[in-house]
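S.K.: I would like the atomic coordinates for the input below:
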Amino acid sequence: MAARILHRLRHALEGAGAGAGAGGGAGPGPEDCPESSELEDDTEGLSTRLSGTLSFSSHDEDGDEDGDEGEDGDGGEDGGDQAAPGPPGDAAAAGSGGWSERPGSSLLTRQLQDLWRRSRSSLVPQRLLFEVTNASVVSERSSKYVLYTIYLIRSGQFDKAPAIIARRYSDFERLNRRLRGQFGSDLAGIAFPRKRLRRNFTAETIAKRSRAFEQFLSHLHAMAEVRRCPAFLEFFFLRDLQTAQRLTCSGMYREALAAWSNAYRLQDKLAVCSSGRFLLTLAGLAVCQQELDQLGEAHRHCEQALQLLETQHGHPLLGPFLQAHVHLSWRVGKDKRRSEARLQALQEAGVVLDQQPSLKEFLIKETLD
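M.R.: Residues are numbered from 1 along each chain as shown. Below you'll find the model as predicted:
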């Protein structure tokens, strides 16, 4: 399209130069106008850059776009069967056959508008990145090891709340051993850094292992069966859940809330927000937030849990979450009638609500191993 316009400008310049020559002047030809060449090169570069960014799914628009590419490509600027354009004055005199009213003249505008409409509601392709951000040497009474801090980050968007884990070589080795025992040949092509008898704490060894652990986790997560298995998932968030439970039982609610929150982010990044562990995480968040007088957040997490329990009428956490939701709704001034109706339905089904544990009691009794 841009090349066609430039072609017309060149014809106009040629016409102007010829008219000046007839009058005794020596007007410059197209080859004497370096600006024309620069414009054409820049336009071609712009087309190349855009070709990898814009994509259109409409069959009609695809056909139009192919036609434009043919005009600017090997088929020449004349556009196939279309007659070569004359000077601008001829186009204006042609009326409905002029350039401004030809089919496809507003193609780029339509495509950009369509792309804008779709981009506002479309999802950017995302994947999970594992990045070792720190590695520190830890010395204890009888041992010395390297602790690797790993961030789980979603690509394709600004991730303002990455999840964090800290693991040592023995943790990775245990995960590797469990997965190879379960999946065998599926992991044959995935490398794992070997143990070393010496030089385990040099900067070179630590850097190489950091990169190796990033690649190891990325390869595992790329395998659908592996990333859904309990051994892989619990490597990330089981430790946080155990710490959060212990702190909650000790009444250290602020410290427990930080651990529950990180466990929440880890499960969200790993896309396991419908599991039993996630419901337990929501219970921990609600309990700690209620104890810290963060009632709005506690109410929100109860509602999230009840949405997950919508069809699980016999789940042991349904009664505790409903009772907590009714209480929190009353305190924050929210509608509690639906939860009360669900509690009534449980009673009619034979559930004795007085014997149902509270969320805190459920957290204390739950075994996490």
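S.K.: got a pLDDT number for the residue lying closest to Gln267 once chain neighbours are set aside?
M.R.: Leaving aside its sequence neighbours, Gln267 sits nearest to Phe278 (CB to CB, 6 or more residues apart in numbering; 5.1 Å). Where C-beta positions appear, they are placed from N, C-alpha and C, glycine not excepted. Predicted confidence (pLDDT) for Phe278: 96.
S.K.: quick one, helices of the stretch 201-350 of the chain?
M.R.: For the stretch 201-350 of the chain, helices defined by DSSP state H, counting those that start in this stretch occupy the ranges 203-221, 224-228, 230-249, 253-269, 276-291, 295-308, 318-332, 337-348.
S.K.: tilt between the fourth one and helix 230-249?
M.R.: Looking back up the chat, that one is helix 253-269. For helix 253-269 against helix 230-249, the angle by axes from the mean of the first three to the mean of the last three CA atoms, to 10 degrees is 160 degrees.
S.K.: Which neighbouring elements make contact with helix 253-269?
M.R.: With contacts taken as 3 or more CB pairs under 8 Å, 6 or more residues apart in numbering; DSSP states H and E, helix 253-269 sits against strand 144-154, strand 163-168, helix 230-249, helix 276-291.
S.K.: If we use 10 Å, what do you get?
M.R.: The helices and strands touching helix 253-269, judged by 3 or more CB pairs under 10 Å, 6 or more residues apart in numbering; DSSP states H and E, are strand 128-139, strand 144-154, strand 163-168, helix 230-249, helix 276-291, helix 295-308.
S.K.: what angle sits between the shortest one and strand 144-154?
M.R.: It stands for strand 163-168. Using the same axes, to 10 degrees: strand 163-168 against strand 144-154 is 160 degrees.
S.K.: partner strands of strand 163-168, parallel or antiparallel?
M.R.: strand 144-154 (antiparallel) (DSSP bridges).
S.K.: Buried residues, the strand it pairs with. List them.
M.R.: Within strand 144-154, the residues that count as buried by 16 or more other CB atoms under 10 Å are 145-146, 148, 150-154.
S.K.: Also stretch 302-315?
M.R.: Neighbour-count burial for stretch 302-315, counted by 16+ other CB under 10 Å, picks out 302-306, 308-309.
S.K.: Turn the residues you listed into TSV, columns for pLDDT.
M.R.: Output for these, formatted as TSV (pLDDT from 0 to 100):
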residue	pLDDT
Cys302	98
Glu303	97
Gln304	97
Ala305	97
Leu306	97
Leu308	95
Leu309	95
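S.K.: quick one: low-confidence parts of the stretch 1-150 of the chain?
M.R.: Along the stretch 1-150 of the chain, the model assigns pLDDT under 70 to residues 1-126.
S.K.: Now do the same contact list for Asn176.
M.R.: Contacts for Asn176 (CB atoms under 10 Å, 6 or more residues apart in numbering) come out as 187, 190, 192-193, 216, 220.
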